[in-house]
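Chemist: Predicted model follows, preceded by the sequence.
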Amino acid sequence: MKKLLLTLLLCVPFLAQAATDDSKYLKGAVPEENGIVTFRQTFAVPGKQQADIYTTMKAFAKTLVDGSIPNSLRARIVSEDAATGEIVMRAEEYMVFKRKPLYLDRAQFRYTLAINCTPDGKVQLKLNTITYGYEEDSEGNTQTTLKAEEWITDEHAINKAGTKLYPRSGKFRRKTVDRVAEIFLNARQAFEEPEQPVAKKPAATVVE
């Protein structure tokens, strides 16, 4: 029994470390371009023409607009051009940090998503102009607006040693990195066909 308790005690530090492993959110996880927080991803869609890719991506953009996405607040397509393959949308979602009975810690996550379907069969995604509405009043109106550039960058969200996230800004950084990754993944998955009995090649491959 004593040996079992000793083993459990020795495991506690490792379990705690695993539970708070922020390695993927540290330096470089939030990219900047000319001082603006900007996430990008490009993937190829083999065997598809630009027009077909555009149609699929427009349908994907509409899933963000129609309110069917969990925590969706509001969204709209700002511009669309089938000739150039470009779609730009602006979205607002609830970013939930903690939910308990009689307690809800959340923010409004606002961003612009630009989608470019290129003639060579690729999709270029760019997500930026990120802001957060935080600290709601009793009527649901946000009292504080935070800009990503002043809140979730390496400078503002990571300690000087570069080893851990600050508590307040860190929770925004984690949620943002995860949500952007999810949006980009959903865009790629929009090209996947229903599973077939035989193996098939992935429909979309990240190229950069």
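Modeler: Good, I have the coordinates.
Chemist: Show the secondary-structure elements that the helix or strand that contains T56 is packed against.
Modeler: Element membership for T56, per DSSP states H and E: helix 50-65. Packing partners of helix 50-65 (3 or more CB pairs under 8 Å, 6 or more residues apart in numbering; DSSP states H and E): strand 72-81, strand 86-100, strand 103-117, helix 167-189. No exception for glycine: its C-beta is placed from N, CA and C like everyone else's.
Chemist: Flag every buried residue along that helix.
Modeler: By 16 or more other CB atoms under 10 Å, the buried positions in helix 50-65 come out as 50, 53-54, 56-58, 60-61, 64-65.
Chemist: Out of these, the closest to L26 would be?
Modeler: L64 (28.4 Å; CB to CB).
Chemist: what residues are up against the closest one?
Modeler: Taking CB atoms under 8 Å, 6 or more residues apart in numbering as the contact definition, L64 lies against 72, 75, 89, 91, 113, 183.
Chemist: Check the residues you listed and tell me the two furthest apart.
Modeler: Using CB to CB, those span at most 13.1 Å, a distance reached by S72 and L113.
Chemist: Pull up the overlap in contacts between these two.
Modeler: Counting by CB under 8 Å, 6+ apart, the residues touching both S72 and L113 are 64, 91.
Chemist: out of those two, which sits in the more crowded spot?
Modeler: The residue with more neighbours, out of S72 and L113, is L113; 25 against 16, by other CB atoms under 10 Å.
Chemist: just checking, the more buried one touches I130?
Modeler: No. With contacts counted by CB atoms under 8 Å, L113 stays clear of I130, the gap being 10.5 Å.
Chemist: got the CA coordinates for stretch 77-90 in PDB?
Modeler: Output of stretch 77-90 as PDB, limited to C-alpha atoms (Å, rounded to 0.1, in the frame of the first residue of the first chain):
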ATOM      1  CA  ILE A  77     -19.900  37.900 -46.400                       C
ATOM      2  CA  VAL A  78     -18.400  41.300 -47.100                       C
ATOM      3  CA  SER A  79     -17.400  40.700 -50.700                       C
ATOM      4  CA  GLU A  80     -17.300  37.800 -53.200                       C
ATOM      5  CA  ASP A  81     -16.000  37.600 -56.800                       C
ATOM      6  CA  ALA A  82     -16.300  34.300 -58.700                       C
ATOM      7  CA  ALA A  83     -14.100  35.700 -61.500                       C
ATOM      8  CA  THR A  84     -11.100  36.200 -59.200                       C
ATOM      9  CA  GLY A  85     -12.000  33.400 -56.700                       C
ATOM     10  CA  GLU A  86     -12.000  35.700 -53.700                       C
ATOM     11  CA  ILE A  87     -14.400  35.700 -50.700                       C
ATOM     12  CA  VAL A  88     -14.100  38.000 -47.700                       C
ATOM     13  CA  MET A  89     -16.200  37.600 -44.600                       C
ATOM     14  CA  ARG A  90     -16.500  39.200 -41.200                       C
END
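Chemist: for that stretch, what is the average pLDDT?
Modeler: Mean pLDDT, stretch 77-90: 97.
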